[in-house]
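Engineer: just to be clear, the model below is a prediction. Sequence and coordinates:
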Amino acid sequence: MFKTLACPLAVAALTLPWAPAWGAVERETFELYVTIPTVEFFVLPLDPQLVQREQRLPFNTIINDLSPLRATYEVKNTNGSIDARLGEEAYLSNGRERIDLRVRFNGVELTLDSAQVVSASEARPGRQVPLEIAAIRPDDDYKPGDYYGTVHMVFDAVAP
């Protein structure tokens, strides 16, 4: 009697740890966020990933040049125009070499000095405008290496 009872108990004890392997479980975790701009003034990239991830300027080996980064922004200022400037010089560096960048917002080249990039009549209803960040080829051409940099743009709502 003991053998007839012990055998099924032993089999159950050996197979019990493997029971979870028979079921399938999937879990997904992700983060959410939202930016809700004011109705009066905003300057936001159409693709929010533009400012959340490092962007790559592809190097074209055929023509030995860097392709520009192009993006679209949505802008609005119900109380006037929009000015923009660079917060600091825009360039890429590998620690030894430097590649300067040309930043154009709505066709206006940005410098350290503030300049109007959207007129009051265009900004009032809101519109989409282009951003272009392009490398300026050095006189002695591009040097091999991994280059990194930051473009810091500052936008101001300008009252009439």
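Structural biologist: Arrived safely, thanks for sending.

Engineer: point to the residue nearest the middle of this protein.
Structural biologist: With distances taken as C-alpha atoms, centre = their mean, residue 50 lies nearest the centre of the chain, 2.5 Å away.

Engineer: hey, what's the residue lying closest to that residue once chain neighbours are set aside bridged with?
Structural biologist: Spatially, and ignoring its direct neighbours in sequence, residue 50 is nearest to residue 71 (5.1 Å; C-beta to C-beta, 6 or more residues apart in numbering). Just so you know, the C-beta spots here come from the backbone N, C-alpha and C atoms, and that holds for glycine as well. Taking DSSP bridges as the rule, residue 71 bridges to residue 131.

Engineer: pull the number of nearby residues for residue 71.
Structural biologist: Residues lying near residue 71 (other C-beta atoms under 10 Å) number 17.

Engineer: what of the one 5 residues further on?
Structural biologist: Residue 76 sits with 21 neighbouring residues when counted by other C-beta under 10 Å.

Engineer: average model confidence for the helix or strand it falls within?
Structural biologist: Using DSSP states H and E, residue 76 sits in strand 69-77. Per-region confidence: strand 69-77 scores 96 on mean pLDDT.

Engineer: so what touches that strand?
Structural biologist: Contact with strand 69-77 is made by 37, 40-47, 50, 55, 57, 82, 105-106, 118, 120, 123-134, 155, 157-158, as judged by C-beta atoms under 8 Å, 6 or more residues apart in numbering.
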